[in-house]
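**Student:** here is a sequence with its predicted model. Questions after.
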Amino acid sequence: MDSESIEAVVSEVANKAIIDHAKETERKLDEQLTKLENMEEDDFEVLREKRKLKLMKQQIQTQEWRANGHGTYTELSDQAEFFSAVKKSKKMAVHFYRPTTARCTIVDAKMEKLCASHLETRFCRVNAEKAPYLVEKLSIVVMPTILLVKDCQTVHQIRGFDEMGGTDDFHEDTLAYVMSLYGCCTFEGEVPVDATKSLKSGV
């Protein structure tokens, strides 16, 4: 086993340990929250403790997400890595790209920005030329295509830029909004102008 393989195994073991610890901590926090739910709501100390526990739970969730690759825009090298990622994350956006397609570079830039601000979703990319099985199995026919996955199920494909207003200079918030329509991203605020245009045109 070469040094890169050993490093990958060590990293996988370390991440699993982090996730297992996070899940156990989250379980204990849930137990404490359940006990507090049965107490008087107007008790200031109870309310403060509930807020504290919920904050701790959010921090544990963030830790678990990061251990699973959330927060970074990563390349999935083959189908095994793709299916492994799908099993670990409830929400995913997977960019199927071709190195020679200019618009794929645009998608890369948008997803690089979104991955940092939307930790609830894992953002990845797959080189379509190196993953013919996935391309055929998932019926990927347009480059770029963003595959949206929720709870291990494919829920939508964003093919090209039509859903983002049909323009190359769409804002990343527009992509986040479109993803939110399929439960693959949390979006707050007004509907982006580019998405409004797509809705009016019936895309």
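**Tutor:** That came in fine, so what should we check first?

**Student:** what about R125, which SS state?
**Tutor:** strand (DSSP: H, G, I helix; E, B strand; the rest coil).

**Student:** and the nearest residue to it once chain neighbours are set aside, what are its bridge partners?
**Tutor:** Residue nearest to R125 in three dimensions, not counting chain neighbours: H95, with 4.1 Å by CB to CB, 6 or more residues apart in numbering. The way it works is simple: take the backbone N, C-alpha and C, and place the C-beta from them, glycine included. In this entry, H95 is beta-bridged to R125, I146, by DSSP bridges.

**Student:** what sits against H95?
**Tutor:** The contact partners of H95, by CB atoms under 8 Å, 6 or more residues apart in numbering, come to 104, 107-108, 111, 123-126, 144-147.

**Student:** how much space separates it from S77?
**Tutor:** According to CB to CB, to the nearest Å, H95 and S77 sit 14 Å apart.

**Student:** state the distance from V142 to T62.
**Tutor:** For V142, the distance to T62 - CB to CB - is 34 Å.

**Student:** what mean pLDDT does whichever strand or helix holds T174 get?
**Tutor:** According to DSSP states H and E, T174 maps onto helix 172-180. Helix 172-180 carries an average pLDDT of 96.

**Student:** next one: stretch 147-165
**Tutor:** 96.

**Student:** could you list the buried residues of it?
**Tutor:** 147-150, 156-159, 161, 163-165 (16 or more other CB atoms under 10 Å).

**Student:** just the helices in the protein please.
**Tutor:** Along the chain, counting by DSSP state H, helices occupy 3-37, 44-67, 79-88, 102-117, 132-137, 172-180, 193-201.

**Student:** which of the ones you listed has the lowest average pLDDT?
**Tutor:** Looking at the helices of the chain, the bottom one is helix 3-37 with a mean of 55.

**Student:** with the buried residues of stretch 147-165 in mind, which one is nearest to N68?
**Tutor:** Using CB to CB, V149 is the member of these that lies nearest N68, at 13.3 Å.

**Student:** touching, the closest one and V155? I think so.
**Tutor:** Yes - using CB atoms under 8 Å, V149 is in contact with V155, at 6.8 Å.
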